[in-house]
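Visitor: sharing a sequence plus its predicted fold:
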Amino acid sequence: MKKKIFILMVVMQLGIFLGLVFEKNTVLKRGREYTFDVGYYDPYDFMRGNYLRLSLNQREIQRKGEEEYRDERGYFTLEEKDGIAVITSFQKRKPKKGDYLRGRISYTYEDKHYIDNPFKRYYVEESVAAQMEAELRRAEKAQLKVRVYKGKYVIDSIEIK
């Protein structure tokens, strides 16, 4: 009996792990690429290593109607304008068409909804972290390439311009 439980536990853990890998690969293969303008700074955490903490340059969206949100989860509708991804609206239900991203509205103030940044970290290989940080300090802007598919995303790369 103990052996069956152990085997079942191992199979479940492998199943979860393989499911997560499959999900990420599906987003990478089928997802549409979007480019977001981002800000950054480069912290170091001895447990996590080097990473870039990212912040979207777009921090709010226009309020439509009387809806007011506070810490509300839902879906952001995405559009491209001049090659840059823009979040155009927020809704609680999954959109039936178009590309969308799961996310959260922090709060509503006057005529704007304030976006909780969906892209918080970009992990950097330790051997290139210092060089990348120096390039980012000299750069005019940074852009994040993200693959989006059915509300999920995978960060593809970061471009320094």
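Guide: Alright, I've got the coordinates.
Visitor: C-alpha from now on. contacts and neighbour counts both.
Guide: Will do.
Visitor: okay, helices next: where are they in the protein?
Guide: 2-30, 126-138 (DSSP state H).
Visitor: so which elements touch the shortest one?
Guide: Going back to what we said before, that points to helix 126-138. If you count contacts as 3 or more Cα pairs under 8 Å, 6 or more residues apart in numbering; DSSP states H and E, helix 126-138 packs onto strand 49-56.
Visitor: before we move on, what about the longest one?
Guide: For helix 2-30, the packing partners by 3+ Cα pairs under 8 Å, 6+ apart come out as strand 142-149, strand 152-160.
Visitor: mind redoing it with 6 Å?
Guide: Packed against helix 2-30, as judged by 3 or more Cα pairs under 6 Å, 6 or more residues apart in numbering; DSSP states H and E, are no other helices or strands.
Visitor: any idea how far the residue nearest the centre of the chain is from residue 37?
Guide: The centre of the chain sits closest to residue 119, judged by Cα atoms, centre = their mean, with a distance of 3.4 Å. Distance from residue 119 to residue 37, counting by Cα to Cα, to the nearest Å: 11 Å.
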